[in-house]
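**Q** Make a model of this:
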Amino acid sequence: MPAVPPQPQPHPSGPVPPVQHNNPAPATPPAPPEPPRRTAFAEGVDRLRSAATTEPGRLRIIGAVLALLVVAFGAVTAWQMADRSTAADDVLNNSQPLSSAAADIYRSLADANTAASSGFLAGGQETAASRDRYEKDIDAAAEGLVQAAANSDPDSPAAETVARLNKLLPEYKGLVERARTYNRQGFPVGGAYLRYANEKMQKEMLPAAEDLYKKENQRLRADYGDATPYPWAAISLGVLALAALAWAQHRNYRRTNRVLNHGLVAATATATVVLLWLVVGHSVARAALDDSYDHGVRSLNVLHDARIASLKARGSENLTLVARGAETVEVGGTTYDAYDHDFGEEMDTLGKGLAEAEKLADDKTGEQPVTAAVGNMTEWKKRHAAARAQDENGNYQAALDRVIGPKGATGECFDSVDANLAKAITHENAEFEQAAGNGLDAMTGLTVGAAVLAVLGAAGAVLGIGRRLSEYR
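**A** Okay, here's the model as predicted:
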């Protein structure tokens, strides 16, 4: 009888659950992080490095650099010379004429004051010429102030000075007219009004006019400072561009045994022309502008100051007789007539100015009127001393005749000094205009010419390199 296989026994605690095999699917590995996006500059550098490993790539780089250098040279040259040309034009056509106009305003005011005192001394016998001179001076000063206001920047110190003078001028005229009115009627108060008018002129108006003159001179010096410095940035770029062109041609010769590359030669020629034009043209302009300052502006400043000193001296001389000792000043323990003391100081200033003007005069035409003015000044001092002697001895009429008389008076000497100084100023102004004009002309065309030639030079460099590149195609 076959054996019966043993039967599985039930588990005491119940049926045995089937064994579960839990094998999860393997996890997907994370994707590697994307590299950061490179900048356009970095990619460009890589491409440039890659291109530099081949001769055509190196040639393209050389051509781009040469063209950039030549264009930069032309652009900087045009920019710097445009600035200098504008400054030179301002020197010739703006700042120097305005400086002279400011000096003319000062001269007109001082001469009007002198004419007013001369007319006052004449009393009821004031001549038509003296009256006309006063009126013309006042009109000239007013016209000069209008021009100065038109050429001054709003809210600038110069504009403020002009506005102050425009306010003071009618006040001064009113005081002079009152002095004349009382003088014709024989009232002594007329002299007080004239002294008050003179005080307003000497302490308020002339200092303001002098301040305007100084500001315009500062503007003139600033324009010279902008026009004369060498354009070192442009010159440096020009030398660098020529050195790069020379190196490129030498490299081309070593690699091809070809002596000339027409495009590179053309680029070198244009860069050389611009550099020589820049150096020579600016050097000529600088020399002419320096000459216009040394033999024009400096002489004009000295002559203007001398002319102003003569006007002040004449005004003080007249007021010495008007005041009749009413105004005194103490110097070193000694009492002097205030106006006669001022006369002496102004004559000393005049003498120093004429001596300096003689030194600065560079030709006979400019020296002759200054020398004549020196002689006039010497005679003026002699006649003034004689007039003072008469006044101090009580001979007032004799002193008056020696100051404003028709013949042999100090007025003749003053007029001669003024006329000779005016002649010298006209001559020096013509020399200034010629020299400054030559300086401006030396810069003419350089701005446009440099830009055009730079473009042609860059084109030549590109074409020259392109000719070499065509050999690799």
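
**Q** Flag the shaky bits of the stretch 151-300 of the chain, pLDDT-wise.
**A** 257-259 (pLDDT under 70).

**Q** what about the helices in it?
**A** 157-184, 189-200, 206-227, 232-256, 262-292, 298-323 (DSSP state H, counting those that start in this stretch).

**Q** most packed of the ones you listed?
**A** Among the helices of the stretch 151-300 of the chain, ranked by average contacts under mean count of other Cβ atoms under 10 Å, first place goes to helix 298-323 (a mean of 25). In short, each C-beta sits where N, CA and C put it, glycine included.

**Q** Neighbouring strands - and their directions - for whichever helix or strand comes after it?
**A** Reading on from helix 298-323 to the C-terminus, the next helix or strand found by DSSP states H and E is strand 328-331. Using DSSP bridges, the strands paired with strand 328-331 are strand 334-337 (antiparallel).

**Q** Just the CA atoms of the strand it pairs with, as PDB, please.
**A** Provided in PDB are the C-alpha atoms of strand 334-337 (Å, rounded to 0.1, in the frame of the first residue of the first chain):
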ATOM      1  CA  THR A 334      51.200 166.400   6.400                       C
ATOM      2  CA  THR A 335      47.900 167.800   5.100                       C
ATOM      3  CA  TYR A 336      47.400 168.000   1.400                       C
ATOM      4  CA  ASP A 337      44.600 169.000  -0.900                       C
END
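
**Q** Show residues contacting it.
**A** For strand 334-337, the surrounding residues in contact (Cβ atoms under 8 Å, 6 or more residues apart in numbering) are Thr320, Ala323, Gly325, Glu327, Thr328, Val329, Glu330.

**Q** buried ones in it?
**A** For strand 334-337, the buried set under the neighbour-count rule, 16 or more other Cβ atoms under 10 Å, comprises Asp337.

**Q** and the next element down the chain from it?
**A** Following strand 334-337 toward the C-terminus (DSSP H and E): helix 338-360.

**Q** And that next one, what does it pack against?
**A** helix 298-323, strand 328-331, helix 364-392 (3 or more Cβ pairs under 8 Å, 6 or more residues apart in numbering; DSSP states H and E).

**Q** So which residues make contact with that helix?
**A** Contacts with helix 338-360, where a contact means Cβ under 8 Å, 6+ apart, come from 295, 298-299, 302-303, 305-306, 309-310, 312-313, 316-317, 319-320, 323, 327-329, 331, 367, 370-371, 373-374, 377, 380-381, 384, 388, 417, 424.

**Q** Try it again at 6 Å.
**A** Residues outside helix 338-360 that contact it (Cβ atoms under 6 Å, 6 or more residues apart in numbering): 298-299, 302-303, 305-306, 309-310, 312-313, 316-317, 319-320, 323, 327-329, 370, 373-374.

**Q** the inter-axis angle of it versus helix 364-392?
**A** Here helix 338-360 runs at an angle of 160 degrees relative to helix 364-392 (axes from the mean of the first three to the mean of the last three Cα atoms, to 10 degrees).

**Q** need the helices of the stretch 151-300 of the chain in JSON lines with distance to Asn393, can you?
**A** JSON lines is the format used below for the helices of the stretch 151-300 of the chain (distance: least, Cβ to Cβ, whole Å):
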{"stretch": "helix 157-184", "distance to Asn393": "25"}
{"stretch": "helix 189-200", "distance to Asn393": "21"}
{"stretch": "helix 206-227", "distance to Asn393": "33"}
{"stretch": "helix 232-256", "distance to Asn393": "70"}
{"stretch": "helix 262-292", "distance to Asn393": "52"}
{"stretch": "helix 298-323", "distance to Asn393": "14"}
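
**Q** Show me the contact partners of stretch 442-457.
**A** Under the contact criterion Cβ under 6 Å, 6+ apart, stretch 442-457 has outside partners 70-71, 74, 77-78, 81-82, 85, 267, 270-271, 274, 281, 284-285.
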